[in-house]
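[1] Need a 3D model of the sequence below.
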Amino acid sequence: MFKLFKPGICPIGIDVGSHAVRMVQFQPGKDGLRLQSAARVELESLDDGASSTTRLAAALRHALSNQEFRGRHATLSLPAASVHSKSVRLPQMPDSDLSQALIWEAKDRFGFEFGDNAGQLVWFRAGEVRRGTEVKDEILLFAVEGTVLNDYIQCLSEVGLRVGAIDLSPCAIYRSLRRKALDPAQPNGSLTALLDLGHHGSQFFILRDGELVFYKYVDIGGKAINQAVAEKLGITPTEAQQMRVRMDLESAEEAAPLAQALADAIRAPLEELGRELDMCMRYYVVTFRGNRPEAITVAGRQASSPQVRQILASALGLNVEEAQPLRGVHDLGDTARPDRSGEWALAAGLSLYPINGVPRMEAAA
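    Take a look at the predicted model:
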């Protein structure tokens, strides 16, 4: 009989963001998943003068000493700014020939070497692009410089963690949202549009039948939203973030005096983000002659804000829903509260990396 979970403990999923580090670990059981532990460490609370990996090491030590993580196996994702991405169009060819062609293409596009002890490259076939009688494949490339990759692996090693895999954000987030499905069982041509709304920027990606077909990093995120509130109300960005969180937790009646002012403040950056997403979807429709997504699922810390979702929905003219990667998970504590579920999507998907039966979107290397 097919079993959904392997016995034992899942690895620690480590989502390294530009603003915070999130860690999630699941424990499989007969009745489904149980949350073993979860932690979020704000990087701004650590030494500002330290390097990014030094601050990461401090964050990991803090989380490991204060939470109940088990084992030392980890799955890691890197900050979006550390991952280079491009789409290219090449003549159709077998995977073996394409891999070599893409290495040369990537060297030219990204400006660094690939191979052992050097940069690493993975790719996805997005789909066919037709121009008259000419047919090419559009390929999504993702690359990390060797020195950056080695620095992060060494950082985890220094705190006693063993990196079992380094995963891309789109793969991990999709996995966390599809974890309960033994079979994707979706109609042919079905689309999933996901927005990972981070601090410095956002990652937007579209999947068709569970395969990645579009990716774009947009330079608008929580930092721009908080800055807009700070300028409108004459407060600091940190105070703006705290005010927005408090408002989201209050009742509609209690929040009413502030709600309109905050909505007016955040409208401009969110409408700009909406225009960027609309152009992304137009590109997808024109390039692959497909349908426009009917909804967008939002992950990341900003996903829990009803105002953010409402303004984006109005700007785009479609449904905008918060990701629910922890739905059905047992023993959720205050850290991973259901009303903040969206921000744990990436870390949750990383912890689920080795589980049998979870639809796994894989890149080619």
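[2] Can you give me the neighbour number for residue 123?
    Other residues within reach of residue 123, judged by other Cβ atoms under 10 Å, total 23. Heads up, the C-betas are built off the backbone N, CA and C, glycines and all.
[3] in the sheet, who's paired with it?
    For residue 123, the beta-bridge partners are residue 141, residue 364 (DSSP bridges).
[4] Next one: it relative to residue 105, how far apart?
    Using Cβ to Cβ, to the nearest Å, we find residue 123 at a distance of 10 Å from residue 105.
[5] Repeat that for residue 329.
    Relative to residue 105, residue 329 is positioned 41 Å away (Cβ to Cβ).
[6] before we move on, what about residue 61?
    With Cβ to Cβ as the criterion, residue 61 and residue 105 are 40 Å apart.
[7] Have a look at the two and say which one is more surrounded.
    residue 105 (18 against 14).
[8] Ramachandran angles for that one?
    Residue 105 has phi and psi values of phi -60, psi -40 when expressed as degrees, to the nearest 10.
[9] So for it, what's the nearest residue that isn't a sequence neighbour?
    In this structure, residue 105 finds its nearest non-sequential neighbour in residue 88, 5.6 Å apart by Cβ to Cβ, 6 or more residues apart in numbering.
[10] Please name the bridge partners of the one you found.
    residue 139.
[11] which residues in the chain form helices?
    52-66, 95-110, 146-158, 169-177, 222-233, 237-249, 252-288, 306-316, 345-351 (DSSP state H).
[12] in this structure, what residue sits furthest out from the centroid?
    residue 133 (37.1 Å; Cα atoms, centre = their mean).
[13] Quickly note the distance from that one to residue 257.
    63 Å.
[14] list the buried ones in the lowest-mean-pLDDT helix or strand in the chain?
    The helix or strand of the chain with the poorest confidence is helix 237-249; it has a mean of 85 (mean pLDDT, DSSP states H and E). By neighbour count on 16 or more other Cβ atoms under 10 Å, the buried set for helix 237-249 is 237, 240, 241, 243, 244, 247, 248.
[15] and the third one, what does it touch?
    Under the criterion of Cβ atoms under 8 Å, 6 or more residues apart in numbering, the contact list for residue 241 reads 222, 226.
[16] still on that earlier bit, confidence score at the residue farthest from the centre of the chain?
    Listed pLDDT for residue 133 reads 84.
[17] Could you do residue 201 as well?
    Confidence score, pLDDT, at residue 201: 95.
[18] repeat for the one 3 residues further on
    Predicted confidence (pLDDT) at residue 204: the value is 98.
[19] From residue 329, how far out is it?
    Relative to residue 329, and taking Cβ to Cβ, residue 204 is found at 26 Å.
[20] And for residue 215?
    To residue 329, residue 215 is 27 Å away according to Cβ to Cβ.
[21] picking up where we left off before, what's the most buried one of the helices of the chain?
    helix 345-351 (a mean of 31; mean count of other Cβ atoms under 10 Å).
[22] Can you name every helix or strand that it contacts?
    strand 12-16, strand 20-29, strand 73-77, helix 169-177 (3 or more Cβ pairs under 8 Å, 6 or more residues apart in numbering; DSSP states H and E).
[23] Output these as TSV; include the columns mean pLDDT and distance to residue 268.
    Below are the helices and strands packed on helix 345-351 laid out as TSV (pLDDT from 0 to 100; distance: least, Cβ to Cβ, whole Å):
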stretch	mean pLDDT	distance to residue 268
strand 12-16	97	28
strand 20-29	93	25
strand 73-77	95	30
helix 169-177	94	26
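[24] could the ones you listed go into a markdown table alongside distance to residue 138?
    Listed next are the helices and strands packed on helix 345-351 as a markdown table, based on distance: least, Cβ to Cβ, whole Å:
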| stretch | distance to residue 138 |
| --- | --- |
| strand 12-16 | 28 |
| strand 20-29 | 32 |
| strand 73-77 | 24 |
| helix 169-177 | 16 |
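[25] Which one of the ones you listed lies nearest to residue 320?
    Closest to residue 320 of the helices and strands packed on helix 345-351, according to Cβ to Cβ: helix 169-177, at 14.7 Å.
[26] isn't residue 86 right next to residue 107, touching?
    No: judged on Cβ atoms under 8 Å, residue 86 makes no contact with residue 107 at a distance of 11.9 Å.
[27] which of the residues in stretch 132-143 are buried?
    Buried residues in stretch 132-143 (16+ other Cβ under 10 Å): 137, 138, 139, 140, 141, 142, 143.
[28] Tell me how many other residues surround residue 333.
    When neighbours are counted by other Cβ under 10 Å, residue 333 registers 11.
[29] can you give me phi and psi for it?
    Per degrees, to the nearest 10, the backbone of residue 333 is at phi -100, psi -170.
[30] from memory it sits against residue 36, does it?
    No: using Cβ under 8 Å, residue 333 is not in contact with residue 36, being 10.6 Å away.
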